[in-house]
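Q: next comes the sequence, and after it the predicted model I'd like to discuss.
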Amino acid sequence: MLSAGGLKIFTGTSHPELAEIIARRLGVPVSKANVMSNGVGETSVRIAESVREDDVYIVNTGYGDVNRSLMELCIMIHACKIASAKRITAVVPLFPYARQDKKDKSRAPITAKLVANMLQRSGCDHVITMDLHASQIQGFFDVPVDKLFAEPSAILHIRTHFDLEEIVIVSPDAGGAKRATSIADRLGVDFALFHKERKKANEVSRMVLVGRVKEKTAILVDDMADTCGTLVLAAKQLTEAGAKRVCAIVTHGILSGNALESLEGSTLEKLIVTNTIPQTEHQAHCSKIEVIDIGSVLGEVIRRSHYGESVSKLFHEVPF
């Protein structure tokens, strides 16, 4: 058990359940802060206890009303900074605007860089996040960024819930091949991938399977599931290629638009997601969703960070 002195956990409104899980892991209460929105939509924050010379961690993820969550985070960081906190860490499991990480057309912004600037200018000294959509976002910061991986938790889940003799790990696109091969190598199982062609953003025109899945349990792995169009199409083709079962494991289950309806009507047996964003409502509307808790991982990273210990071990192992 940690002493409450010197370490404070705060939460915005985007994912208070995760902050509670982290706090229980650390043996400290979630510190008191009032986060409200006034009549014109402005965010109002009041830190309700002293943070002077404390090591402060603020949990808020990029989900729901993302712009509001981002402003809450920046304002809470600033409030703690001018209240003389010793160090302020932003715990952002799903980094907002992570898919806007490069200038892919004329006059397009690099919004992920703007978000990094906002957090730093607010007074952030350290960032903890998980499975960044693009690794180069770490380079947008001039403060330390601990980019955690859901891979150890996913591997543990696969080992305990699947027969390794029967599974094949599948990447839904070439970009995720490195992630999928890493998991397949650590499990000692086969690997397959889809070559994907798009007509336009978020619309897949053709997917070609490379690898053997006949009479196997195919497990699709990806960093995020948004509209689920790719996963549903991949599942359909895996079933047509002779796979006995098709499941998917993703880190960030955003599940926007008609994603839940698409999942229910698909050949996917289940979609396994982490709780980097709230999943209670998604589970209530879709019976195929299972959740892996990564609160213990984030809690252990905060503990190690607070005491100045290395966190690199957690890139490969799940804490107990």
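A: The structure has been received and is ready for your questions.
Q: pLDDT weak spots in the stretch 1-150 of the chain?
A: Low-confidence segments of the stretch 1-150 of the chain (pLDDT under 70): 1-5.
Q: can you rerun that using 90?
A: Low-confidence segments of the stretch 1-150 of the chain (pLDDT under 90): 1-5, 38-39, 41, 104-105, 134-135.
Q: show me where it has its helices.
A: 16-26, 66-82, 111-122 (DSSP state H, counting those that start in this stretch).
Q: report the buried residues of the second one.
A: Spelled out, it's helix 66-82. For helix 66-82, the neighbour count (16 or more other Cβ atoms under 10 Å) marks 68-81 as buried. In short, each C-beta sits where N, CA and C put it, glycine included.
Q: in CSV: the helices of the stretch 1-150 of the chain, plus distance to residue 185.
A: CSV is the format used below for the helices of the stretch 1-150 of the chain (distance: least, Cβ to Cβ, whole Å):
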stretch, distance to residue 185
helix 16-26, 30
helix 66-82, 35
helix 111-122, 29
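Q: residue 143 is nearest to which of these?
A: Closest approach to residue 143 among the helices of the stretch 1-150 of the chain is made by helix 111-122 (6.0 Å; Cβ to Cβ).
Q: buried residues in the closest one?
A: In helix 111-122, counting by 16+ other Cβ under 10 Å, buried: 112-113, 115-116, 118-120, 122.
Q: out of the residues you listed, which comes closest to residue 89?
A: Lowest distance from residue 89 to these (Cβ to Cβ) belongs to residue 119, with 10.5 Å.
Q: so how far is residue 303 from the closest one?
A: 22 Å (Cβ to Cβ, to the nearest Å).
Q: residue contacts, the closest residue to residue 74 other than its chain neighbours?
A: Spatial nearest neighbour of residue 74, excluding adjacent residues (Cβ to Cβ, 6 or more residues apart in numbering): residue 122 at 4.2 Å. By Cβ atoms under 8 Å, 6 or more residues apart in numbering, the residues touching residue 122 are 73-75, 77-78, 81.
Q: and of those, the nearest to residue 293?
A: Distance to residue 293, by Cβ to Cβ, is smallest for residue 73 among those, at 22.1 Å.
Q: re the thing from before, between the contacts of residue 122, which is closest to residue 286?
A: Among the contacts of residue 122, residue 73 lies closest to residue 286 (Cβ to Cβ), at 28.5 Å.
Q: so who does the closest residue to the closest one other than its chain neighbours touch?
A: Once flanking residues are discounted, residue 73 sits nearest to residue 60: 4.4 Å by Cβ to Cβ, 6+ apart. Under the criterion of Cβ under 8 Å, 6+ apart, the contact list for residue 60 reads 11-15, 69-70, 72-73, 76, 90-92.
Q: can you list those in TSV and add distance to residue 247?
A: Shown next, in TSV, are those (distance: Cβ to Cβ, whole Å):
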residue	distance to residue 247
11	31
12	32
13	32
14	28
15	25
69	30
70	33
72	35
73	33
76	38
90	33
91	29
92	28
